[in-house]
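Asker: Show me the folded form of this:
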Amino acid sequence: MALLPETARKIDELVAAAQSAGRTPSLVIGVVRDGTLAHLATAGEHPRPDADLQYRIGSISKTMTATLVMQERDAGRLRLDDPLAEHLPGTAVGSLTLRQLLGHASGLQREPDGPWWERAEGVDLATLLRGVTADKIAYPPHRWYHYSNLAYGLLGGVLERITGTPWADLLRQRILEPLGMRRTTYAATEPFARGYVVHPWHDTLREEPRTDTRAMAPAGQLWSTVEDLARWAAFLADPDPRVLAAETLTEMCAPVVISDLDSWSGGHGLGLELYREGERVYVGHGGSMPGYVAALAVHRPSRTAVVGFANSYGFRSGGIGSLGQRALTTVLDAEPAFPRPWQPTAAAPPAGIAEVTGRWWWMGVTLDLTWDAAAGELVAHVRGERVSRFAPEGTDRWRGRSGPENGEILAVLRDDTGQVAALDIATFLFTRTPNQEP
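Answerer: Numbers count the residues shown, from 1 in each chain. Model (predicted):
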């Protein structure tokens, strides 16, 4: 669904102003709605951007590495609380867990040994691991947020050891090919934008090297296009179950650590950054490599996202990440998503369901229990504000699937005649009348 003309113009203006003030050779922002690229805003002529022009995505690569780790978890080949030593034995930081590494809560230092890895040719995994000594832990694990590229190099090593497949091949087989991301590649593939540093005093361009980071590739190696990254954004909004279960992606979006303790405006999940904008939370990641910056921000409830690239290292006007989030907020404010249309149910509820639906009471608090025929679930509305969904788990037993009672048990209690008498939800007893004693 294309943006309204007035919304599209606002995004175009944001991008034009950012490219001019930011002094970047080219800048492109794509707006994604309901799984498709709804609008492309471009500025700059070096080169002129389009939806199929490759840029380097940097640390957005981490979101795909994390997805591969979660695939292995779901397949039972690892646990998130496994110590690193279980999969990469012999490292001096083997007590750190995979969950801590994914969520930047391990305390591991930001970069590996040697020259700046983003601008130098990479090393193999064995060489990377030899440099991982005990003094690489900068903070006590899980005490504070501490971003670590090194952590994702190690996670890539874990994937390779478990699967016996190089990270790049695993990525192509399990994510890029299933999602049709044909223009997301390990190395630059024409057409691609050359990346630059812009001289601060006379605005000349210096082209940056395009390195093969090898063992550190899982932290930031990839190249992609707006069209392909839009596919990835659509996946993060509404995952393809062939790649990852929806509940697993939701798990990735839960905070492992808050990165801004003063205002709680940002945090980190399992491979995904979390950004608070007013009452909304976006998930995604920023990216940078020498000569390039990139942005990915997704509002999952509305299936709306923004992706973007620029081909200069640094951005004088405040950063492409904040630009992407500002563009996403502009779209959501101007064009809020329509609610899904209500559809009548074709058939009556199954036997035993109708008698538990309706209004229930606990301590003067109302609970309205309804039946969702399409999902086969009971839906509890408390005071008309809090909503929990329950899936069947046995006779008169339901397990919370979402909402405040997620994971809790709803038990249907019957009297001596077999009639429904009360509901027990996590020990809170609901009856049919406000004053009825349990």
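Asker: quick one, what contacts the most centrally placed residue in the chain?
Answerer: By C-alpha atoms, centre = their mean, the mean C-alpha position of the chain lies nearest to Leu272, the distance being 4.2 Å. Contacts here follow C-beta atoms under 8 Å, 6 or more residues apart in numbering; on that basis Leu272 touches Thr63, Ala66, Leu236, Met252, Cys253, Val283, Gly284, His285. (C-beta placed from N, C-alpha, C; glycine too.)
Asker: can you pull out the helices in the protein?
Answerer: Taking DSSP state H as the criterion, the chain contains helices spanning 5-22, 61-74, 98-102, 125-130, 149-163, 167-171, 217-220, 226-237, 246-252, 320-334.
Asker: Thr36 is nearest to which of those?
Answerer: helix 226-237 (7.4 Å; C-beta to C-beta).
Asker: and the closest one, what's its mean pLDDT?
Answerer: Predicted confidence along helix 226-237 averages 98 (mean pLDDT).
Asker: Please point out which parts of stretch 152-159 sit buried.
Answerer: Tyr152, Gly153, Leu154, Leu155, Gly156, Gly157, Val158, Leu159 (16 or more other C-beta atoms under 10 Å).
Asker: Export those as TSV, with columns for distance to Thr7 and pLDDT.
Answerer: Converted to TSV, the buried residues of stretch 152-159 look like this (distance: C-beta to C-beta, whole Å; pLDDT from 0 to 100):
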residue	distance to Thr7	pLDDT
Tyr152	36	98
Gly153	40	97
Leu154	43	97
Leu155	39	98
Gly156	39	98
Gly157	44	97
Val158	43	98
Leu159	40	98
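Asker: ok, so of these, who is nearest Thr189?
Answerer: When the buried residues of stretch 152-159 are compared for distance to Thr189 (C-beta to C-beta), Gly156 comes out closest, at 21.0 Å.
Asker: how about that closest one, what does it touch?
Answerer: Under the criterion of C-beta under 8 Å, 6+ apart, the contact list for Gly156 reads Thr65, Leu125, Trp167, Ala215, Met216, Ala217, Pro218, Ala219.
Asker: And for Gly403?
Answerer: Ala380, Arg386, Val387, Ser388, Arg389.
Asker: Quick check: the farthest pair among those?
Answerer: Pairwise distances across the contacts of Gly403 (C-beta to C-beta) peak at 11.4 Å, for the pair Arg386 and Arg389.
Asker: The two: which is more packed in?
Answerer: Residue environment comparison for Arg386 versus Arg389 gives the larger neighbour count to Arg389, 18 against 12, counting by other C-beta atoms under 10 Å.
Asker: Touching, the more buried one and Glu377? I think so.
Answerer: Yes. Contact status for Arg389 versus Glu377: in contact at 4.9 Å, counting by C-beta atoms under 8 Å.
Asker: Which neighbours do the two have in common?
Answerer: With contacts taken as C-beta under 8 Å, 6+ apart, Arg389 and Glu377 have Arg401 as neighbours in common.
Asker: In the stretch 51-200 of the chain, where is pLDDT below threshold?
Answerer: Residues of the stretch 51-200 of the chain meeting the criterion pLDDT under 70: none.
Asker: all strands for it, in order.
Answerer: With DSSP state E, counting those that start in this stretch as the criterion, the stretch 51-200 of the chain has strands at 55-56, 196-198.
Asker: how about stretch 188-197: buried residues?
Answerer: Neighbour count says stretch 188-197 has Phe192, Ala193, Arg194, Gly195, Tyr196 buried, by 16+ other C-beta under 10 Å.
Asker: now these in JSON lines, with distance to Ala373?
Answerer: JSON lines is the format used below for the buried residues of stretch 188-197 (distance: C-beta to C-beta, whole Å):
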{"residue": "Phe192", "distance to Ala373": "50"}
{"residue": "Ala193", "distance to Ala373": "51"}
{"residue": "Arg194", "distance to Ala373": "56"}
{"residue": "Gly195", "distance to Ala373": "53"}
{"residue": "Tyr196", "distance to Ala373": "57"}
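Asker: just these now: which is nearest Trp116?
Answerer: Within the buried residues of stretch 188-197, proximity to Trp116 (C-beta to C-beta) peaks at Gly195, which comes in at 15.0 Å.
Asker: Neighbours of Trp362, how many?
Answerer: Trp362 has 17 neighbouring residues, counting by other C-beta under 10 Å.
Asker: Same check on Pro344?
Answerer: By other C-beta under 10 Å, the burial measure for Pro344, its neighbour count, is 5.
Asker: What does it show for phi and psi?
Answerer: Taking degrees, to the nearest 10, you get phi -70, psi 150 for the backbone angles of Pro344.
Asker: That one and Gln325: what is the separation?
Answerer: Pro344 is 39 Å from Gln325, where distance means C-beta to C-beta, to the nearest Å.
Asker: before we move on, what about Thr91?
Answerer: When distances are taken as C-beta to C-beta, Thr91 and Gln325 turn out to be 36 Å apart.
Asker: Also His285?
Answerer: According to C-beta to C-beta, His285 and Gln325 sit 12 Å apart.
Asker: Compare the two (neighbour count), which wins?
Answerer: Neighbours per residue, other C-beta under 10 Å: of His285 and Gln325, the larger number sits with His285, 25 against 22.
Asker: thought that one was touching Tyr275?
Answerer: No. Assessed by C-beta under 8 Å, His285 is found out of contact with Tyr275, at 9.9 Å.
Asker: Now Asp424. Nearest residue, chain neighbours left out?
Answerer: Leaving out its chain neighbours, the residue that sits closest to Asp424 by C-beta to C-beta, 6 or more residues apart in numbering is Ala411, at 4.3 Å.
Asker: my bad, Val379
Answerer: Across the structure, with C-beta to C-beta, 6+ apart as the measure, the residue nearest Val379 apart from its sequence neighbours is Thr370 (4.8 Å).
Asker: Over to Asp74?
Answerer: The nearest residue in space to Asp74 (C-beta to C-beta, 6+ apart) is Thr248, at 5.7 Å.
Asker: cool, Leu367 as well?
Answerer: With C-beta to C-beta, 6+ apart as the criterion, Leu367 has its nearest non-adjacent residue at 4.5 Å, and that residue is Trp360.
Asker: Repeat that for Arg99.
Answerer: Leu80 (4.1 Å).
Asker: What of Pro392?
Answerer: Trp398 (5.8 Å).
Asker: Which residues does that neighbour form beta bridges with?
Answerer: On the basis of DSSP bridges, Trp398 is bridged to Pro392, Leu410.
Asker: Run a quick neighbour tally on it.
Answerer: Burial of Trp398 is recorded as 24 neighbouring residues (other C-beta under 10 Å).
Asker: and it, what is it in contact with?
Answerer: With C-beta under 8 Å, 6+ apart as the criterion, the residues that contact Trp398 are Leu378, Phe390, Ala391, Pro392, Ile409, Leu410, Ala411, Val412.
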